[in-house]
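Colleague: sequence first, predicted model second:
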Amino acid sequence: MRKDQYLSDSDVIEFVVWFSSEITEPKLTHCYEKSNGSIVKFNSLIDALKQYEWPFRFTGPGNKEFKGKGYKESEQALSYLANNLRLALDAGNDNEACEWACRIMKWGGVTNGNASWLRDHVNGLATEILTVKSALNAGEEGVQALQSVRRFNSGMTKVYSLLVPGFIIYDSRVAAALAWFVNEWCEKTDRKIVPTLLAFPCMPAKEGENPRIRKSRNPSNGTREFPQLNNQARVHAQWNIRASWLLDACLNHSNSIQFNNLRELEAALFMWGYNLNSHEKTEVDRTSDVELDELAVSEVIARQPDWLQDKTLSKKKPFQWIFDVERDALIIDRGLKDRDIFTTTHIFILLHQLYDEFGHEWFPLANNVQTLEDGSEQPGLGKALYSIKPNTTYAQASSQLAPILMRYEIFDWKRSSRSNQFRLQITPPSSIADMRMLLAQVAH
């Protein structure tokens, strides 16, 4: 189906008219509670844009750091990333294209799986990206027209959104919000079934097995159903195209003076779609203790058990961890009586200590209990932790802290014949506030 055919469908036309009115004369509101207990309220889509928040941090050439959390900061960062990715693609430079695509993943918080895939498929990557770009920009959304697409997900949509004109990021939050508005339209127009061309597929939120607040990103209700999208690259690309056509038509029809471009409307939907559940207010006890004792940790677990699952690098021992915004700490559960707590301040001190001693050179795990206690342990991660807090249990948690810091792309890792080796991939943040912003990227 071509663009003109899609937009001439009677249901699509009706939705465009309705949603255009919602853009210019909003009647719908939305409110939800985030995982950290904060309440978010929107009285319109433009209000959602004004409250846009996405903490990001990535490193450019020469270890230059880019960070921010507001819309304008993201807009500037994306412009920078897009320009450099285009230069790499135009030059046919696979390695440079890979690095800039990985930086886009870093901005979007979707490096896991995506960065490794890009690096594993670096040969011919520039040609592949350009080929898919052409397919996405051809004005045809049929799966058969998208045969060149072999990887398309919440990460790759961010890459192609910077290359294809009028192509939005179609991730779980944007998809959820768009489906939410379609569902509202169906309800207000007494439609019992979602029209086929408006049944935007949804994706689940990334969260632990037992989150304090289960985020909903699919508004299916009774006979009105929106399918689930599960690693279907070409189907994802197809609906990304349809969503882009639809929202562009809505924006043009509305003659909106609030939204300057499609990216702003996408950003508003991104904020709206964080959680589709209606908010039911619950009181949360907030203490101001600086020291984190075991009682405080139990309160954290009761309030925010959105654990991320991980394994140690060599022995593959499972553990789980969270970054708690209010407690300002990484908390690790490795099955011991007490959980390991690494405050933002401690991690800040640790990184600077490692940087002062090793720069960007390799260093060992260095967390042997006996050598830590007798003072003969070689310089490395565990010994640095022991110098911050002279407790061997704390220092031994370096086996868990290391893969966590790899998730943040703070550490690089290699396995030598005798031990694990690590090195800093970044220059340590210049302030504790910057350190906090970096760690908070996993707190959404």
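Modeller: It's in.
Colleague: alpha carbons only for contacts and neighbour counts from here, please
Modeller: Will do.
Colleague: just checking, what packs against the longest helix along the chain?
Modeller: Secondary structure assigned by DSSP state H gives helix 233-254 as the longest helix of the chain. Of the remaining helices and strands, those touching helix 233-254 by 3 or more Cα pairs under 8 Å, 6 or more residues apart in numbering; DSSP states H and E are helix 3-7, helix 10-24, helix 262-272.
Colleague: alpha carbons of the second one, as PDB, please.
Modeller: What follows is helix 10-24 as a C-alpha-only set of coordinates in PDB (Å, rounded to 0.1, in the frame of the first residue of the first chain):
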ATOM      1  CA  SER A  10     -12.100   6.300   5.300                       C
ATOM      2  CA  ASP A  11     -11.200   5.300   8.800                       C
ATOM      3  CA  VAL A  12      -7.800   6.900   8.500                       C
ATOM      4  CA  ILE A  13      -9.400  10.100   7.200                       C
ATOM      5  CA  GLU A  14     -11.800  10.300  10.100                       C
ATOM      6  CA  PHE A  15      -9.100   9.700  12.700                       C
ATOM      7  CA  VAL A  16      -6.900  12.400  11.100                       C
ATOM      8  CA  VAL A  17      -9.700  14.900  11.400                       C
ATOM      9  CA  TRP A  18     -10.400  13.900  15.100                       C
ATOM     10  CA  PHE A  19      -6.800  13.800  16.200                       C
ATOM     11  CA  SER A  20      -6.000  17.100  14.400                       C
ATOM     12  CA  SER A  21      -8.700  18.700  16.600                       C
ATOM     13  CA  GLU A  22      -7.200  17.100  19.700                       C
ATOM     14  CA  ILE A  23      -3.900  18.800  18.800                       C
ATOM     15  CA  THR A  24      -5.300  22.300  18.400                       C
END
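Colleague: quick one: contacts of it?
Modeller: Defining contact as Cα atoms under 8 Å, 6 or more residues apart in numbering, one finds that helix 10-24 is touched by 6-7, 28, 44-46, 181-182, 185, 195, 197-198, 246, 249-251, 253-254, 256, 258.
Colleague: can you pull out the low-pLDDT segments for the stretch 251-400 of the chain?
Modeller: In the prediction, the stretch 251-400 of the chain carries residues with pLDDT under 70 at positions 278-306.
Colleague: how about the strands in it?
Modeller: In the stretch 251-400 of the chain, strands defined by DSSP state E, counting those that start in this stretch lie at 308-311, 318-324, 329-333, 340-343, 363-364, listed in chain order.
Colleague: mind checking which of those strands is nearest residue 63?
Modeller: Of all those, the one in closest proximity to residue 63, counting by Cα to Cα, is strand 363-364 (19.4 Å).
Colleague: for the closest one, what is the distance to the chain centroid?
Modeller: Between the mean C-alpha location of strand 363-364 and the chain-wide mean there is a distance of 29 Å, by Cα atoms, centre = their mean, to the nearest Å.
Colleague: surely residue 98 is within a helix?
Modeller: Yes - remark: residue 98 belongs to a helix, assigned using DSSP: H, G, I helix; E, B strand; the rest coil.
Colleague: ok, so what distance separates it from residue 66?
Modeller: 18 Å (Cα to Cα, to the nearest Å).
Colleague: the more surrounded of these two?
Modeller: Under the neighbour definition other Cα atoms under 10 Å, residue 98 and residue 66 were set side by side, and residue 98 has more, 25 against 15.
Colleague: quick check, that one in contact with residue 122.
Modeller: Yes - Residue 98 lies in contact with residue 122 (Cα atoms under 8 Å); the separation is 6.3 Å.
Colleague: what's near enough to touch the nearest residue to residue 140 once chain neighbours are set aside?
Modeller: Using Cα to Cα, 6 or more residues apart in numbering and skipping the chain neighbours, the partner closest in space to residue 140 is residue 2 (4.5 Å). Contacts here follow Cα under 8 Å, 6+ apart; on that basis residue 2 touches 139, 140, 141.
Colleague: going through these, which ones are buried?
Modeller: Neighbour-count burial (16 or more other Cα atoms under 10 Å) applied to the contacts of residue 2 gives 139, 140, 141.
Colleague: burial measure for residue 337, as a count.
Modeller: Around residue 337 there are 8 residues (other Cα under 10 Å).
Colleague: on that earlier part again, can you lay out the strands of the stretch 251-400 of the chain as TSV showing distance to residue 82 and mean neighbour count?
Modeller: Below are the strands of the stretch 251-400 of the chain laid out as TSV (distance: least, Cα to Cα, whole Å; neighbours: other Cα atoms under 10 Å):
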stretch	distance to residue 82	mean neighbour count
strand 308-311	31	16
strand 318-324	30	20
strand 329-333	33	21
strand 340-343	35	21
strand 363-364	35	21
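Colleague: now render those strands as CSV, adding distance to residue 268.
Modeller: Below are these laid out as CSV (distance: least, Cα to Cα, whole Å):
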stretch, distance to residue 268
strand 308-311, 27
strand 318-324, 26
strand 329-333, 30
strand 340-343, 33
strand 363-364, 44
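Colleague: figure out which of those strands is closest to residue 376.
Modeller: In this view, the strands of the stretch 251-400 of the chain are compared for proximity to residue 376 by Cα to Cα, and strand 363-364 is the closest at 14.0 Å.
Colleague: partners of that closest one, with directions?
Modeller: When sheet partners are counted by DSSP bridges, strand 363-364 sits next to strand 420-424 (antiparallel).
Colleague: center of this structure, which residue is that?
Modeller: Nearest residue to the geometric centre of the chain (Cα atoms, centre = their mean): residue 109, 3.2 Å.
Colleague: for it, report the pLDDT, please.
Modeller: Reading off the per-residue confidence, residue 109 sits at a pLDDT of 90.
Colleague: how close does it get to residue 359?
Modeller: Taking Cα to Cα as the measure, residue 109 and residue 359 are separated by 25 Å.
Colleague: ok, now residue 191?
Modeller: With distances taken as Cα to Cα, residue 191 is found 62 Å from residue 359.
Colleague: report how many residues lie close to the closest residue to residue 249 other than its chain neighbours.
Modeller: Leaving aside its chain neighbours, residue 249 sits nearest to residue 16 (6.8 Å; criterion: Cα to Cα, 6+ apart). For residue 16, the number of neighbouring residues by other Cα under 10 Å comes to 22.
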